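Undergrad: quick one, fold the following:
(chains A and B)
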Amino acid sequence: MNKDLYIFNSLTSKKELFKSIIPNQVSLYVCGPTVYSSSHMGHARSAIVFDSIVRFLKYIGLKTKYVRNFTDIDDKIIARANEEGRKPEEISEKYKLEYIQDMKSLGCNDPDHQPSVSENIPEIINLIKDIIEKKFGYESNGDVYFNVQKFKEYGKLSNQSIDSILSNTRLEINPNKNYELDFALWKEAKPNEPYWESPWGNGRPGWHIECSAMSRKYLGENFDIHGGGRDLIFPHHENEIAQSECISGKKFANYWIHNGLININKEKMSKSIGNIVNIKEGLKVWDKNIFRILFLTHHYRTPVDLSNKKLAEVGKSLLNLKKKLEINESSSSNFKELWVSAMLDDFNTAKALGYYFKFINDGKLSNKSTVELEEFEETMGISGWRNDISNPTDKNPINKEEIEELIIERNKARSEKDWVKADKLRERAEELGIKLLDNDEGTIWE
RNA sequence: GGCGGUGUAGCCAAGCGGUAAGGCGAUGGUCUGCAAAACCAUUAUACCCCGGUUCGAAUCCGGGCACCGCCUCCA
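TA: Numbering: from 1, shown residues only, chains lettered A, B, ... in the order given. Predicted coordinates for the structure are as follows:
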């Protein structure tokens, strides 16, 4: 089997043969959440995409080191804390724990490291010192800024020149900055804001520096893959590159993977529109495998439209699939070869899942191929649904006694050939979300 | 305005130079009191439009049109 892995690299906008820095090892850094509110479907998709990528890398025998950070120092956290009359660290701690729990509920494995900004202040201060020393940063009234013009490759990830960014960006006039596009590495604390001591006075890190500091700490100056949502390309990832490469003189991340965003009922999901769907609410109604499969039947770079209709369709497809699970020893297939080759081609989970559906629907499961099926499910993180007797499309508790009574009553009507009454009782069952199926052994429901 | 993306059946979605995966839905048949389920069969001569390259294009190139994202905090 061909084992070459191709990855679409956002840095070059090309699909490239993946070559790791250290043979058979992959280092991966993914931008995690800012923990100031409950995690939402955007976090879910990103986590699921990278979870399946890491699982696959492991499956093909690579040793992975996966780091995902928490941004736990941030203006929004401070604002939220003020609103609720609590300490910022109480807010961030609460949502950090929630995030970890939500990702578990979605069947995502923990990254190897989940560092927080607050635990890496010395590393951040040292990095800023280095940047200043190399004249890529400057202090100004207690703030420290990055000198964008000095970094000649600024704009290479988002494919823009400094001039075009400048002419297309509206920035607040900040008298502390030497140049409009310069961004903060360190911000002086205002009264009543949390702060850390630094050579430039009391303050806190800027938004982008944390990822440069933490990726360097855990993965080194040059690592294999950096991931995150598409929306982070500019300015966040662009700034990370500038901060990191100006110090090391080395390429920061070799490959950049950006996942597509979520729409809700065909409308952009965003804080300003206010249509954020949070994970806990979603999981109350739909099984985690339904979210996983919905996301993974789309290529990771395309947008996904989330709606109850789509989720119900996935649920229905699993329900249909469950009816095809009989073992037929005489059959054989090349399922494994097919799905692995799909994944080797820029993690094409949609194509791989297509093979999976076909494989099961063709009714060609043997005991041997069931093992292949389990390997695939493990890689996609969609284990368990085949043996789960509950209906994945309906997580509402069902009153069994009520249904049994209804069936008895209906069967009585049927034996009396009172079809009108029988049909009415079936309609009532449907109102309860139950389908009554008559077969040779009697009436069953689902 | 700058940068980027997308346009494939009723809906969703793979495919990215060799003759249209998969899912939902729909239709016909068998079965059934009628249904459902199950089983069998059908469901894009066609990939936004117009040119071009090629033996061959949904796939490459040029030009349109439409929609979307980033450029402000966001995964």
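
Undergrad: burial check on the residue of the stretch 201-350 of chain A found nearest RNA strand B, number of neighbours?
TA: The minimum distance from the stretch 201-350 of chain A to RNA strand B, using Cβ to the nearest atom of the strand, falls at A:Gly229 (2.3 Å). Quick note: C-beta positions are derived from backbone N, CA and C, even for glycine. A:Gly229: 20 surrounding residues under other Cβ atoms under 10 Å.

Undergrad: my guess is it contacts A:Leu261. True?
TA: Yes. With contact defined as Cβ atoms under 8 Å, A:Gly229 and A:Leu261 form a contacting pair (6.2 Å).

Undergrad: what residues does the stretch 301-446 of chain A have near RNA strand B?
TA: The stretch 301-446 of chain A comes close to RNA strand B at residues A:302-305, A:310, A:313-314, A:316-317, A:320-321, A:323-324, A:345-346, A:348, A:350-351, A:353-355, A:357-358, A:361, A:363, A:414, A:419, A:422-423, A:426, A:435-439, as judged by Cβ under 7 Å from any atom of the strand.

Undergrad: tell me which of those residues fall in helices.
TA: A:310, A:313-314, A:316-317, A:320-321, A:350-351, A:353-355, A:357-358, A:361, A:414, A:419, A:422-423, A:426 (DSSP state H).

Undergrad: show me which of the residues you listed are buried.
TA: Buried members of these, counted by 16 or more other Cβ atoms under 10 Å: A:314, A:317, A:351, A:353, A:355, A:357, A:414, A:422, A:426.

Undergrad: distance check, the residue of the stretch 201-350 of chain A closest to RNA strand B against A:Asn120.
TA: Counting by Cβ to Cβ, to the nearest Å, the gap from A:Gly229 to A:Asn120 is 22 Å.

Undergrad: so where's the stretch 201-350 of chain A uncertain?
TA: For the stretch 201-350 of chain A, the stretches with pLDDT under 70 are A:329-332.

Undergrad: strands of that one, residue ranges please.
TA: A:203-205, A:223-229, A:253-259, A:262-264, A:267-268, A:304-306 (DSSP state E, counting those that start in this stretch).

Undergrad: could you dump the second one to PDB, C-alpha only?
TA: As requested, C-alpha coordinates have been extracted for strand A:223-229 and formatted as PDB (Å, rounded to 0.1, in the frame of the first residue of the first chain):
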ATOM      1  CA  PHE A 223       7.900  22.000  14.000                       C
ATOM      2  CA  ASP A 224       5.700  20.000  11.500                       C
ATOM      3  CA  ILE A 225       2.100  21.200  11.500                       C
ATOM      4  CA  HIS A 226       0.300  24.200  12.800                       C
ATOM      5  CA  GLY A 227      -3.500  24.100  12.800                       C
ATOM      6  CA  GLY A 228      -6.500  26.200  13.600                       C
ATOM      7  CA  GLY A 229      -9.700  27.700  12.100                       C
END
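
Undergrad: what packs against it?
TA: strand A:25-30, helix A:41-59, strand A:253-259 (3 or more Cβ pairs under 8 Å, 6 or more residues apart in numbering; DSSP states H and E).

Undergrad: any chance of these in TSV, plus distance to RNA strand B and mean neighbour count?
TA: Shown next, in TSV, are the helices and strands packed on strand A:223-229 (distance: least, Cβ to the nearest atom of the strand, whole Å; neighbours: other Cβ atoms under 10 Å):
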stretch	distance to RNA strand B	mean neighbour count
strand A:25-30	8	23
helix A:41-59	2	23
strand A:253-259	6	23
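
Undergrad: quick one: which of these is nearest A:Lys134?
TA: With Cβ to Cβ, the closest approach to A:Lys134 among the helices and strands packed on strand A:223-229 belongs to strand A:253-259: 20.1 Å.

Undergrad: what's the angle from the closest one to helix A:41-59?
TA: Here strand A:253-259 points in a direction 130 degrees away from that of helix A:41-59 (axes from the mean of the first three to the mean of the last three Cα atoms, to 10 degrees).
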